[in-house]
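Undergrad: Quick one, fold the following:
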Amino acid sequence: MIALAAGTYAYVATVQGKQSGKTSVTVTHNADGSTTIAEDGAGSFQGMDGTAKATLSLGTDSAPTAYSSHVDVAGTALDYGVTFSGATATVNGGLGGGSTFTLAAGEHFAIVDGGLLSGFVALPMQVAAWPGAQLQGIAAIYGRETPLTLDAAAKPVRPAGVPAGDVSLSYSAPIALVEWYDPTTMVMDELDVPSQAFTVARSR
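TA: Okay, the predicted model is just below:
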């Protein structure tokens, strides 16, 4: 069984080399075989200070079963989430209002919620659990769905702080990004978005 190791993991985000935020992600394995990923972060969002909390629930097959988030930027709060029923996902709230998406055969949902990290932490485990499947990323805060396209031919340069045993996942769409993770624990150590000079690195 492919599983994301339980524990609490701290990450620091930087933009153009300057720290922009911190977040803590706690992974819990539940008695029914499901997994909960809870995130608690704070940082600067488009020049304004804010906080964010998110909870992502995954079933025994690594598929998302529920997602909720609370974001507070400059004193303005925003609550939103995603519910799942079979091959259908429904976004409630957020900047895009309500939206409903349906999977085609062979597709799987994943959460890619802007600057929030919990969905990205789940991705290495999900990619391993569903080899060759098309991932449909739900950008929950915007109420949008976008295909996540893996670039199997990519050969990213290992960043200095990434452990030697880590492997990478490179995505070419909707934006080029690279995840580095431990293939034994499935824990993400770094997320890089070169076009935005944005990096999230695990701190130890």
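Undergrad: Gly114: which element?
TA: Gly114 is part of no helix or strand, with elements assigned from DSSP states H and E.
Undergrad: Now for Thr55, which secondary structure element holds it?
TA: Per DSSP H and E: Thr55 is located in strand 48-58.
Undergrad: quick check, Asn124 in a helix?
TA: If you look again at residue 124, you'll see it is Pro, not Asn. Yes. With DSSP: H, G, I helix; E, B strand; the rest coil as the criterion, Pro124 is located in a helix.
Undergrad: which ones are touching it?
TA: Residues in contact with Pro124 (CB atoms under 8 Å, 6 or more residues apart in numbering) are 4, 169, 179, 181, 186, 188. All C-beta atoms are positioned from the backbone trio N, CA, C, and that covers glycine.
Undergrad: The fourth one contacts Asp189, correct?
TA: Spelled out, that is Tyr181. Yes. Using CB atoms under 8 Å, Tyr181 is in contact with Asp189, at 6.1 Å.
Undergrad: For burial, what's the neighbour tally of Ser57?
TA: 18 (other CB atoms under 10 Å).
Undergrad: So it versus Tyr11, what's the distance?
TA: Distance from Ser57 to Tyr11, counting by CB to CB, to the nearest Å: 20 Å.
Undergrad: Repeat that for Ala3.
TA: Taking CB to CB, one finds Ala3 at 20 Å from Tyr11.
Undergrad: So which of those two has more stuff around it?
TA: Tyr11 (23 against 16).
Undergrad: distance of the more buried one from Leu169?
TA: Look at Tyr11 and Leu169: by CB to CB, they are 17 Å apart.
Undergrad: The spatially closest residue to Ser57 that is not a sequence neighbour pairs with what?
TA: In space, and not counting its chain neighbours, Ser57 is closest to Ala66: 4.3 Å by CB to CB, 6 or more residues apart in numbering. Per DSSP bridges, the residues bridged to Ala66 are Ser57, Thr83.
Undergrad: Ala66 against Ser85, yeah?
TA: No. Here Ala66 does not reach Ser85: they are 10.7 Å apart, not a contact under CB under 8 Å.
Undergrad: quick one, which of those two is more surrounded?
TA: Between Ala66 and Ser85, counted using other CB under 10 Å, Ala66 has the larger neighbour count: 15 against 9.
Undergrad: could you pull out the helices for this structure?
TA: 118-129 (DSSP state H).
Undergrad: how much space between the residue of it most remote from its centre and Gly50?
TA: Seen from the C-alpha centroid of the chain, the residue lying at the greatest distance (CA atoms, centre = their mean) is Gly75, 24.6 Å away. Separation of Gly75 from Gly50 (CB to CB): 9 Å.
Undergrad: same deal with Ala129?
TA: 33 Å.
Undergrad: swap in Ile138?
TA: 21 Å.
Undergrad: neighbour-wise, which of the two wins?
TA: Taking neighbours as other CB under 10 Å, Ile138 and Gly50 compare with Ile138 leading, 25 against 20.
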